[in-house]
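[1] coords please:
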Amino acid sequence: MHNIRAVSQDISLDREGFRQVVQQSNVRNFYDEDEIRRVYYFEAEQLLKEVTGATGVVIFDHTLRNAQRLHNGESGISEPIKYVHNDFTAISGYTRARKELTARGVDNIDQLLQQRFALINIWRAIAPVYKSPLAVCNAQSIAPTDLVGTDIVYRDYVGETYLITYNPTHQWFYFPQMQPSEALLFKCFDSAEDGRGFLLILGLMTQQAHQMPQL
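    Here you go, the predicted structure:
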């Protein structure tokens, strides 16, 4: 297990599958749904364009995680996910991309999905995180045989994620004492098949905002 801060200059989104960035947000209240969509979605779009060089970005989801608020009975809040997983598989990455483009009325979806695209999350602390920091696994240390496709059932459709089997070669990195001005980008899917990795995440952050995949 390695401290991300100690190696951040040597980490690549395309190689290891994650990258630490510094970005101040103008959002005053991350628990305000309207402000998230009005302010933070635009900030996330600009950040992903800057970091990846993408010509287009579609923001399609966010999740608020705060165990204490959830236990206090607040709605719209989730607790940290405390098992190793990856949000998309080689199949569901295409399925989700098609679903989101269809919802936006895009006409040339087949043509777009023949080009390279990636699903990337932006993980940001709402407040300084001192308990259960997020951990990610170096994509280059994951073997294809480690991945186990698993259905995830929603009210309106069935998705698919990866669970993982233990492998002593896995290289884990954690992000201690993450501050609100910091974010971690991690790739969950990449249509490129030349070894540019996606990675697995261990969701242990107690305060987190906004999973922001990129297309």
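[2] ok, which stretches of this structure are strands?
    2-3, 18-22, 64-66, 84-86, 118-124, 135-137, 147-153, 158-164, 172-174, 182-190, 201-202, 207-209 (DSSP state E).
[3] any low-confidence regions in this protein?
    195-215 (pLDDT under 70).
[4] please repeat the previous calculation with a cut-off of 50.
    Scanning the chain for pLDDT under 50 picks out the ranges 203-215.
[5] touching, L47 and Q23? I think so.
    Yes: with contacts counted by C-beta atoms under 8 Å, L47 reaches Q23, the gap being 5.5 Å. Just so you know, the C-beta spots here come from the backbone N, C-alpha and C atoms, and that holds for glycine as well.
[6] which one of those two is surrounded by more residues?
    L47 (21 against 17; other C-beta atoms under 10 Å).
[7] identify the residues contacting V148.
    162-165 (C-beta atoms under 8 Å, 6 or more residues apart in numbering).
[8] for S78, which residues make a bridge with it?
    Counting by DSSP bridges, S78 forms beta bridges with R65.
[9] what's the local residue count around it?
    Neighbours of S78 (other C-beta under 10 Å): 14.
[10] when you give positions from now on, start the count at 4
    Yep, numbering from 4; the last one is S81 now.
[11] run through the residues that contact I7.
    Per C-beta under 8 Å, 6+ apart, neighbours of I7: 14, 21, 23, 139, 176-179, 187.
[12] make JSON lines out of the residues you listed and add distance to F45 and neighbour count.
    JSON lines is the format used below for those (distance: C-beta to C-beta, whole Å; neighbours: other C-beta atoms under 10 Å):
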{"residue": "I14", "distance to F45": "26", "neighbour count": "16"}
{"residue": "F21", "distance to F45": "23", "neighbour count": "28"}
{"residue": "Q23", "distance to F45": "22", "neighbour count": "17"}
{"residue": "V139", "distance to F45": "26", "neighbour count": "25"}
{"residue": "F176", "distance to F45": "29", "neighbour count": "23"}
{"residue": "Y177", "distance to F45": "30", "neighbour count": "18"}
{"residue": "F178", "distance to F45": "24", "neighbour count": "22"}
{"residue": "P179", "distance to F45": "29", "neighbour count": "11"}
{"residue": "L187", "distance to F45": "20", "neighbour count": "24"}
